[in-house]
Structures are given as structure tokens and as C-alpha cells.
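Trainee: Take a look and give me a structure for this.
(chains A and B)
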Amino acid sequence: MNYIYDLHRAMMAQNLIIVYQGEFTQETTKSILAMAERNLDSSGEESGIKRKVFNVMVESLQNIVKHSSEASVAAGSLVSQSAIFMIGKQPDRYSIMTGNPIKKSVTADLKRKLDDLNQLDKEGLKEMYKEIIKNTQISEKGGAGLGFVDMARKSGEKLEFDFPEMDAEYNFFCLKVNVAREG
Amino acid sequence: MEILKLEGTEDTPKIMLDKKNGIFEISGRSLPEDSAEFYRPVIEWIGEYGKDPNPSTEFTLKLEYFNTASSKLILDVLSALEDIKNMKIVWYFHEDDEDMEEAGQEFSELVEIPFEFKTY
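Mentor: The predicted structure follows:
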């Protein structure tokens, strides 16, 4: 039974206020958002920060929903259920963290895309956003290809990411997006 | 012309499109699972309206939050409105919501329609 206490201590040590692992759908997205909103409201968080956190949460959760549906078709429900979502709260920032399996074959492209985003400043991200929104069509998965750009804009910091190996076919895509708390 | 009216939910905005009474408004939160599907009737309605519009139209966008997939569809809505004569967009943002103000400015740079900015 020690793992209950171990997990609890790990969460406390990392200042995690929400951890969710399981199935990711629009319904769970709404529940997690409602839970996080209550948490931010009750802690009296400033409305601008709250909106940015909410924004990053929506994009990261809907990313997982889209990609897990794709993965579950490919590999059965185990893969779709192995995603994780967390929010950490430090005195100076919130961190919205996600982890989900992605095909090794798409890892290099995704890494390049995120590296490119991290090269851009505020103006550069704005230009990229406008460029994509003008030229994109909504994909079959319902994405506009704007999620990471938007997260980077709302964060104002570099996106942190890593791709540890899961097995022969999948990496685990870990993403951390920080939102600074002011004052 | 028929009124298009949808109540807002926790992930979809309220829609009110009423030619007779001159009310054209999208308000609330927009983060539907399928944004293209959600906005299809809105864009179709505007297409019909454009065939015989009122002498002038004030279209209100009063969004508290929208996700990136919705932002693409909002641009599609604006593009559909672009060809209607005497069109004006009234873009509301909460007085301390700089991101929503900036989003409105960006949309105004992407379409040829006058925008009026108002706080609430």
C-alpha cells in the first residue's frame, strides 16, 4: 500500500494541484476544466492568469483528445488511456503538463515544429498565428494547427518538451507549458 | 427569414441571429469538440442573409473564451460577413482581458470589415 503514500508525497513535492490519468474525451476535458476553474477561483487567482491557464489547458487537453482517438484506432484502447494531464502550482507560476504516446515516425516532425516555435519572439508568434489561421483548413481531427502556437503565446515562455521511448513503436510526448503568476 | 437561436453551454456559445429584429450575436464560450460542425449552420445562415440583408448590420461578438479551432471558424464567419454591405463588427472584451482585445484586433486585420471595440 506504500505506493499511495509515495504518490501523494511525489504530488506534494511537485506542487501538483490536479493529476488526471485515464480516458480523454470532450466530456473529461469539460470536467477537468471545471475542476481547475473552481480551484483557481477559490484560491483567488487573478483573472488574467486564470484565463491564460484555462486557455493552455483547453488546447493541451483537446490535443490529447484528438491524438488519442487516432492512437486508439491504431493500437487499441490501451494507448489512448495512457495519457496524463497535470497542473503544478508554484509561487511564481503554473505549469500545465501533459504526456501522451505518439508514433516514433512523427516524433522528428513534432520536435522540429516545437523547436521552431521556441525560436520565435512575441511578434514572430503572432505573425505565425495569423499566417496559419489565414491558410489552414480544419483537419479531420478538428484541429486548426494553431494549438502549440497559441500555447506559446499565452505562456510567454519557451515550451518544454521531451520524448522518452515507450516501446518499439511509440514515444511518450511530454509537454510542459508555464504561465507566470505576477504580483 | 428564420431566426437561428442556440442557447449557450459550457463549451458552446450562445447564438442569436434575427434579421427581423436586427439582432446578430455570438457570445460566451466556444470550445466545441467539432468546431466546423458547430459553426456550419451559422455560416449557412449568414450565406442566406447575405442574399437580402438589412440596410445595415451590426454583428456582435462577445466571447469570453474561444479555442484555436473556434478561432479558425470565427474567421470563416467574418469572411462570410465581409461581402455584406454596411456591415460592422462590434467586438466586446472584458475590460481586463488584453488577450481578447488583441484577438479582436488580429481578426480586424484579417478581414475588410470595420470593427468597433467595446468593453464589458
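Trainee: tally of neighbours for residue B:31?
Mentor: 26 (other C-beta atoms under 10 Å in any protein chain shown). In short, each C-beta sits where N, CA and C put it, glycine included.
Trainee: That one is in contact with residue A:58, isn't it?
Mentor: Yes: contact criterion C-beta atoms under 8 Å: residue B:31 and residue A:58 qualify, at 5.3 Å.
Trainee: between the two, what contacts are shared?
Mentor: Residues touching both residue B:31 and residue A:58 (C-beta atoms under 8 Å, 6 or more residues apart in numbering or on different chains): B:65, B:67.
Trainee: Need the pLDDT of the residue with the largest distance to the centre of chain B.
Mentor: Distance from the C-alpha centroid of chain B, by C-alpha atoms, centre = their mean, peaks at residue B:96 (20.8 Å). At residue B:96, the model reports a pLDDT of 91.
Trainee: go on, residue A:74?
Mentor: Per-residue confidence at residue A:74 stands at 54 (pLDDT).
Trainee: Chain A contacts on chain B?
Mentor: Within reach of chain A by C-beta under 8 Å from any C-beta of the partner chain, chain B has these residues: B:10-11, B:31-36, B:65, B:67-69, B:71-73, B:75, B:94, B:96-99, B:106, B:109-110.
Trainee: Please indicate which of the residues you listed are buried?
Mentor: B:11, B:31-33, B:35-36, B:65, B:67-69, B:71-73, B:75, B:94, B:97, B:99 (16 or more other C-beta atoms under 10 Å in any protein chain shown).
Trainee: Please report phi then psi for the closest residue to residue A:138 other than its chain neighbours.
Mentor: Nearest residue to residue A:138 in three dimensions, chain neighbours excluded: residue B:36, at 4.6 Å (C-beta to C-beta, 6 or more residues apart in numbering or on different chains). Note on residue B:36: backbone dihedrals following degrees, to the nearest 10 are phi -60, psi -40.
Trainee: where does the residue farthest from the centre of chain B land in three-state SS?
Mentor: coil (DSSP: H, G, I helix; E, B strand; the rest coil).
Trainee: Now the element after the strand or helix carrying residue A:99, going C-ward?
Mentor: For residue A:99, the host element (DSSP states H and E) is strand A:93-103. Sequence-wise, the next helix or strand downstream of strand A:93-103 (DSSP H and E) is helix A:104-119.
Trainee: Show me where chain A has its helices.
Mentor: For chain A, helices defined by DSSP state H occupy the ranges A:2-13, A:26-42, A:47-75, A:77-80, A:104-119, A:122-135, A:147-155.
Trainee: correction: chain B
Mentor: Going by DSSP H, chain B shows helices at B:35-49, B:68-82, B:98-110.
Trainee: With respect to residue A:146, which of those helices lies nearest?
Mentor: For the helices of chain B, distance to residue A:146 was read as C-beta to C-beta. The smallest value, 3.7 Å, belongs to helix B:68-82.
Trainee: which secondary structure elements does that closest one contact?
Mentor: If you count contacts as 3 or more C-beta pairs under 8 Å, 6 or more residues apart in numbering or on different chains; DSSP states H and E, helix B:68-82 packs onto helix A:122-135, helix A:147-155, strand B:23-30, helix B:35-49, strand B:57-66, strand B:87-93, helix B:98-110.
Trainee: how many degrees apart are it and helix A:147-155 in direction?
Mentor: Here helix B:68-82 runs at an angle of 100 degrees relative to helix A:147-155 (axes from the mean of the first three to the mean of the last three C-alpha atoms, to 10 degrees).
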